[in-house]
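Q: quick one, structure for this:
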Amino acid sequence: MYIIMDIFIAILLISAIGYGIMLNNRIMALRRDQKSLEKLAINFQTATKRAEASISKLKLTAQKSADIMNKGTDQAVGISDDLNFLIDRGQKLADHLEGCVRITERSKVNKITSLKTNSSLSDNLDKNNVKLEDVHNHTNINNRRDLGSLISNLKEKPVIKSDVELEFIKALRSAS
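A: Residues are numbered from 1 along each chain as shown. Here you go, the predicted structure:
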């Protein structure tokens, strides 16, 4: 019976030695992996520090961008207010200018009608192929000398209005 117990203890010792060898191999592998794990932990810590620095830089950049956008928005509001003021002033000036143009046009129409009543002037213009409407732009045509020079000037240099003037007159006429 002592033999059976000795055999049983021997089997247990052999299995314990085998298990010890296997455990020793695993501990050695773990120690090797521990060095690489330490390197991994150091790299992870470095990456974490970089991420924290990047986040603070990103926050700072975002704050600067927000400040710039707020400043730009404030400037845009100021410019918008200035433009609205200028538009209002421009509208008032346009109304005043329109009134002045209407007065000038009325005086030109009156001048043309007064010229039409002067039959000798009208005949003289017809002989020289000058339209009575072309004469309304010129002043001081009371004597014949002025009329002769006016007719020669009108023959040489016809009065041409620019596209802007024509469009402006058209807009004024359509508004009235």
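Q: now the helices for this protein?
A: 2-117, 119-127, 132-135, 144-156, 163-175 (DSSP state H).
Q: most neighbours per residue, which of the ones you listed?
A: For the helices of the chain, the largest average neighbour count (mean count of other C-beta atoms under 10 Å) is found in helix 132-135, namely a mean of 16. C-beta: built from backbone N, CA, C; applies to glycine.
Q: related to what we said a few turns ago, can you put the helices of the chain in TSV and add mean pLDDT?
A: Converted to TSV, the helices of the chain look like this (pLDDT from 0 to 100):
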stretch	mean pLDDT
helix 2-117	87
helix 119-127	52
helix 132-135	49
helix 144-156	51
helix 163-175	80
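Q: next one: the nearest residue to residue 101 once chain neighbours are set aside from residue 93, what distance?
A: In space, residue 101 comes closest to residue 172 once its chain neighbours are excluded; the distance is 5.7 Å by C-beta to C-beta, 6 or more residues apart in numbering. Distance from residue 172 to residue 93, counting by C-beta to C-beta, to the nearest Å: 14 Å.
Q: circling back: pretty sure the residue nearest to residue 101 contacts residue 103?
A: No: look at residue 172 against residue 103 with C-beta atoms under 8 Å: they stay out of range, at 11.8 Å.
Q: overlap in contacts, the two.
A: By C-beta atoms under 8 Å, 6 or more residues apart in numbering, residue 172 and residue 103 have no common neighbours.
Q: still on that earlier bit, what's near enough to touch the residue nearest to residue 101?
A: 98, 101-102.
Q: closest to residue 79 out of those?
A: Of all the contacts of residue 172, residue 79 sits closest to residue 98, with 27.5 Å by C-beta to C-beta.
Q: need the contact list for that closest one.
A: Shown in contact with residue 98 (C-beta under 8 Å, 6+ apart): 172, 175.
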